[in-house]
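A.B. asks: what's the 3D shape of this:
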Amino acid sequence: MKEKISKKRLLISAAIFALFYALILVLVLAMIVINQPKDWTGYFRNNYTDVLLVCVCLFLLLAIIYYYYYFDSKEFLSQPKNVILILSITVLALVINYAFSRIVGDVYIRPTAVLALLFVFLLNRRQAIVLNFVFAFLMFVIDRNTNMAEVIGKNQEYYSLMLTFVSGTVSVFIAGANKTRGGLMLTGIISAIPAVIVILLFAISEAVEDWVRYITIAGYGVAGSLLSAMLALALLPAFERIFNVLTVFRMSEITSTNAPILKRLKTEAPGTFNHSLIVAHLCETCAVAIGENAELARAAGYYHDVGKLRQPECFTENQTDYNVHDELTPELSADIIRSHAKDGYDFLMAAHLPEEIANVAIEHHGTLPIKYFYNKAVKITGEDLSTRDYSYFGPTPTTKIASIVMIADAAEAAVRALSDRSAESVERIVRGIIEERMDLDQFDNCDITIKDLATIKETIVGALSGVHHHRVKYPAIRFNRGKKAVAESSEEESK
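C.D. replies: Predicted coordinates:
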């Protein structure tokens, strides 16, 4: 069944490619009409072979994108929203580059790196380079085989090809390590340097003798690079929201303690909030140790228990002297407790947070039994009961990060309840947590390894030993106004 669904989704993706192919053809035909409004019919009549060549080349370029993902990442290709994302950005970049060259009448002003900058943050560096390469040839085919010479001048399509490839590739490598939106503008400034060098080399090869022309085209190159960064900065939030993509910028925003959901968690469920802070720290440290995405792990740790917002008073960490479960049956208590995983998923999806984080919320307890209420029910009934009625609904973790959160969540709660928090006790608790989950097949649906689990165990033990390390007992004295040390219990007597 899974294979049939996958094939169906691949066919849907192919259909989306076909629709965008038709859209790009319409745009190209519109460009021809706009470039030569008085005699566009004559252009089509006299240059129908060029138009046919454009049609074939556009088909081949889109086919390259399709088969790149088909062989490299079928899972990515099988998601229609991913296909719409890459093709809509390609179309948008095509329109933007045409518009700027049409307004100024020069290829050097084009924001050629805007597509690469968007893809490096929305996807990854490798995909950004491949898609920028295809986009460079897409622009070249349009410039070379339509009447774009009326706008940009003869033979300028070769310069546009090289400039798009160089600017886009350089921007990908510069911007790849950027963690802030403000730093994106710095990327535009730095990427302008190779762009200007390439532009000036083109001018020298043309034997341009007018020094004003050198200054003008160099200025166009700088402007094009800055425009690329500015447009990427303006468009990125829209694509993040529309396609629910988790970029490093959005990650920084949602992991701020001033994020709306976390502020609500801090106010309505302070115990859960403090627990989540420690879990997030543990998850980030473990992710670094096994080579996973540390930012995503931290975000998943922050949000894994937001389902408790539905009934915060029903969870121990938020209770004071009154425990609502003292008045409930074990069955009802277990149902309330286990519902927080599904509630968290629904809550995060309704808030339009990335699905990667929502999936962790519903998976972080897997199908584990709720021991406390199962044991309570056994004591009341005096007979063995099915653990299914006292277990979480699942699913079990499907990613390494979900597995990390599962272990870190249980470890933090268990260690916090210990009276002896020595490294040996912490190690025993964490080892038992991991072994129990292995025995209950909680890691069967993800690709986590025994080596990863051993590393996670060592990392959590070290981190929790640091959080709950032994402190020196402070003497029971305090200083009075005369800066003299007095025993707290005998201060009144000393007066």
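A.B. asks: where along the stretch 351-495 of the chain do the helices fall?
C.D. replies: For the stretch 351-495 of the chain, the helices defined by DSSP state H, counting those that start in this stretch occupy 355-363, 371-381, 400-416, 423-439, 450-467, 491-494.
A.B. asks: format these as a markdown table; extra columns: mean neighbour count.
C.D. replies: Where you see a C-beta, it was placed from the backbone N, CA and C, and this is true even at glycine. Formatted as a markdown table, the helices of the stretch 351-495 of the chain follow (neighbours: other C-beta atoms under 10 Å):
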| stretch | mean neighbour count |
| --- | --- |
| helix 355-363 | 23 |
| helix 371-381 | 15 |
| helix 400-416 | 24 |
| helix 423-439 | 16 |
| helix 450-467 | 18 |
| helix 491-494 | 9 |
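A.B. asks: which of these sits closest to residue 276?
C.D. replies: helix 400-416 (9.0 Å; C-beta to C-beta).
A.B. asks: now render the helices of the stretch 351-495 of the chain as JSON lines, adding distance to residue 11 and mean pLDDT.
C.D. replies: Converted to JSON lines, these look like this (distance: least, C-beta to C-beta, whole Å; pLDDT from 0 to 100):
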{"stretch": "helix 355-363", "distance to residue 11": "23", "mean pLDDT": "95"}
{"stretch": "helix 371-381", "distance to residue 11": "46", "mean pLDDT": "91"}
{"stretch": "helix 400-416", "distance to residue 11": "30", "mean pLDDT": "95"}
{"stretch": "helix 423-439", "distance to residue 11": "38", "mean pLDDT": "93"}
{"stretch": "helix 450-467", "distance to residue 11": "36", "mean pLDDT": "90"}
{"stretch": "helix 491-494", "distance to residue 11": "82", "mean pLDDT": "42"}
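A.B. asks: low-confidence ranges, the chain, go.
C.D. replies: The chain contains residues with pLDDT under 70 at 1-5, 176-177, 179, 207-209, 466-480, 483, 485, 488-495.
A.B. asks: from residue 47, how far out is the residue nearest to residue 431 when sequence neighbours are not counted?
C.D. replies: Excluding the flanking residues, the one nearest residue 431 by C-beta to C-beta, 6 or more residues apart in numbering is residue 457, at 6.0 Å. Applying C-beta to C-beta, to the nearest Å, the value for residue 457 to residue 47 is 69 Å.
A.B. asks: strands of the stretch 201-350 of the chain, residue ranges please.
C.D. replies: Assigned by DSSP state E, counting those that start in this stretch, the strands in the stretch 201-350 of the chain number zero.
A.B. asks: show me where it has its helices.
C.D. replies: Taking DSSP H, counting those that start in this stretch as the test, the helices found in the stretch 201-350 of the chain are 211-242, 248-254, 260-268, 270-290, 294-303, 330-350.
A.B. asks: how about residue 95, nearest residue that isn't a chain neighbour?
C.D. replies: Going by C-beta to C-beta, 6+ apart, residue 95 has residue 27 as its nearest residue, at 6.8 Å.
A.B. asks: ok so, going back, which residues touch the residue nearest to residue 431?
C.D. replies: The contact partners of residue 457, taken as C-beta atoms under 8 Å, 6 or more residues apart in numbering, are 407, 427, 430, 431, 434.
A.B. asks: ok, residue 225 next?
C.D. replies: Applying C-beta under 8 Å, 6+ apart to residue 225 gives the contacts 111, 113, 167, 171, 188, 189, 191, 192, 195.
A.B. asks: and those, which two are furthest apart?
C.D. replies: 111 and 189 (13.9 Å).
A.B. asks: more crowded one of those two?
C.D. replies: Taking other C-beta atoms under 10 Å, residue 111 and residue 189 do not tie; residue 111 has more neighbours (24 against 13).
A.B. asks: tell me the secondary structure for the more buried one?
C.D. replies: coil (DSSP: H, G, I helix; E, B strand; the rest coil).
A.B. asks: that one reaches residue 234, doesn't it?
C.D. replies: No: Residue 111 lies out of contact with residue 234 (C-beta atoms under 8 Å); the separation is 11.2 Å.
A.B. asks: distance check, the residue nearest to residue 95 against residue 422.
C.D. replies: In terms of C-beta to C-beta, residue 27 sits 68 Å off from residue 422.
A.B. asks: once you drop chain neighbours, what's closest to residue 137?
C.D. replies: residue 61 (6.1 Å).
A.B. asks: what's around that neighbour, how many residues?
C.D. replies: Neighbourhood size, residue 61 [other C-beta under 10 Å]: 19.
A.B. asks: host element of it?
C.D. replies: Using DSSP states H and E, residue 61 sits in helix 48-72.
A.B. asks: which helix or strand lies directly C-terminal to that helix?
C.D. replies: Going down the chain from helix 48-72, the next helix or strand is helix 74-77, by DSSP H and E.
A.B. asks: can you count the residues close to residue 293?
C.D. replies: Neighbour count of residue 293, defined by other C-beta under 10 Å: 19.
A.B. asks: make 48 the first number, not 1, from now on.
C.D. replies: With 48 as the first residue, the last one maps to residue 340.
A.B. asks: next, the contact list for it, please.
C.D. replies: 334, 448.
A.B. asks: try 6 Å
C.D. replies: Listed by C-beta atoms under 6 Å, 6 or more residues apart in numbering, residue 340 has no contact partners.
A.B. asks: mind listing what's buried along the host helix or strand of residue 231?
C.D. replies: Using DSSP H and E, residue 231 sits in helix 229-252. By neighbour count on 16 or more other C-beta atoms under 10 Å, the buried set for helix 229-252 is 231-232, 234-235, 238-239, 241-243, 245-246, 249-250.
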